[in-house]
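*Asks:* Dropping the sequence and predicted coords here.
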Amino acid sequence: MPSPCTPATAHLIVSPLYIMIRVFTHKSNWTPKDDLSFVGDPSLFRPTDDIPVRISCVFTWRIEEAERLKRSWSRFYSDVQVGGPAYDDRGNVFVPGRFVKYGITITSRGCPNDCEWCLVPRREGKIRELPIMPGWNVNDNNLLACSEGHIERVFDMLREQKTPIVFSGGLDARIFGERHADLLRSINLGEAWFACDYPGAIDELKNVAELLPDINPRKKRTYVLTGFNGDTISQAEKRLETVFNFGFWPFAMLYRSSEALKRNEWSKDWLKLQKIWTRPALFKTKMANKPFQGMQKDAPLN
């Protein structure tokens, strides 16, 4: 019998209760692949019945395209609506396979933190626990901020998955403790993502590293915010190197305002840093040619 997260059960989302066409402004690795999922304008091979159309827009700089697609799909269907994170959708319901492909699961929304650069608390509010749906890629904004009971139930579900588990939404290093380290060891771990995106993050990541000395660096990954609030290239590079020396694979996350993205304006030097520190082969080669300096802590975030 197929797993409830396999493509073999894709027909579940087209039950009479949930039947809809889903349209996306662009294709990504997370886009669903069933027959009712489309990217861009209506294709020749589209449903002939007049069923609801829901256009998903993730990024604010794609709102203009989402509105254009609404007009395009409205030529063929009477009920066409636009929504998604770009429209401050709170995400009250998560249905596997509907707006992200099967395997990705979201068991909570919101976040108790109030990071200056993050839109999640404004859009989704404080932490809200959702019904736990099966999947192997956990995309919660802050899973560890949930109740202990919820976290335990999530890991019970993850132990049943046959695919290595990925925490793409990230695990909060400020909360991470011995119990969480034990939970990671209890599953078939693929990637545990953390973040270096707030003052004091270096100290917190050092603590995580000390709790997970037995986990391979390729499974311990860190989003490292760069270019925000007066950050310099030299500071960002030092921070990335420090995280690498802690035993993580660091991935540069270049801060870009929505206006800068529209104008395609950001420094070539920053993009060069981004290129190196988003490709393991490049940053591993770079660090192999530098003397190991141990667990540094003097790499300011901003």
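*Replies:* On my side now, so go ahead.
*Asks:* show me what contacts Ala145?
*Replies:* By CB atoms under 8 Å, 6 or more residues apart in numbering, Ala145 lies in contact with Ser108, Cys111, Pro112, Asn113, Ile127, Asp172, Ile175. From N, CA and C alone the C-beta is placed, and that goes for glycine too.
*Asks:* My guess is Ala86 contacts Cys57. True?
*Replies:* Yes - using CB atoms under 8 Å, Ala86 makes contact with Cys57 at a distance of 4.2 Å.
*Asks:* Neighbour count for those two, which is higher?
*Replies:* Each of Ala86 and Cys57 has its neighbours counted (other CB atoms under 10 Å); Cys57 has more, 25 against 20.
*Asks:* Give me the local confidence score for that one.
*Replies:* pLDDT recorded at Cys57 is 93.
*Asks:* what separates it from Arg90, distance-wise?
*Replies:* Cys57 sits 15 Å away from Arg90, taking CB to CB, to the nearest Å as the criterion.
*Asks:* Check the secondary structure at the residue nearest to Pro217 when sequence neighbours are not counted for me.
*Replies:* Using CB to CB, 6 or more residues apart in numbering and skipping the chain neighbours, the partner closest in space to Pro217 is Gly247 (5.1 Å). Judged by DSSP: H, G, I helix; E, B strand; the rest coil, the three-state class of Gly247 is coil.
*Asks:* Please name the residues that touch Gly247.
*Replies:* With contacts taken as CB under 8 Å, 6+ apart, Gly247 has the following neighbours: Ala209, Leu212, Pro213, Pro217, Lys220.
*Asks:* again, but for Trp73
*Replies:* Trp73 makes contact with Ile21, Val23, Asp41, Pro42, Val53, Ile55, Val80, according to CB under 8 Å, 6+ apart.
*Asks:* Can you add neighbour count and give these back as a markdown table?
*Replies:* As requested, the contacts of Trp73 are exported to a markdown table (neighbours: other CB atoms under 10 Å):
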| residue | neighbour count |
| --- | --- |
| Ile21 | 23 |
| Val23 | 24 |
| Asp41 | 12 |
| Pro42 | 18 |
| Val53 | 25 |
| Ile55 | 24 |
| Val80 | 19 |
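*Asks:* what's the closest of those to Arg239?
*Replies:* Ile55 (38.1 Å; CB to CB).
*Asks:* Phi, psi for that closest one please.
*Replies:* phi -100, psi 120 (degrees, to the nearest 10).
*Asks:* same check, this time on the one 10 residues further on
*Replies:* The main-chain torsion angles of Glu65 are listed as degrees, to the nearest 10 and equal phi -70, psi -40.
*Asks:* if I look at it, how far off is Ser72?
*Replies:* Here the distance between Glu65 and Ser72 works out to 10 Å (CB to CB).
*Asks:* ok, which stretches of the stretch 51-200 of the chain are strands?
*Replies:* 53-56, 80-83, 104-105, 108-109, 128-129, 137-138, 165-167, 189-196 (DSSP state E, counting those that start in this stretch).
*Asks:* and the ones you listed, which is most packed in?
*Replies:* Across the strands of the stretch 51-200 of the chain, averaging neighbours per residue (mean count of other CB atoms under 10 Å) puts strand 108-109 on top, at a mean of 25.
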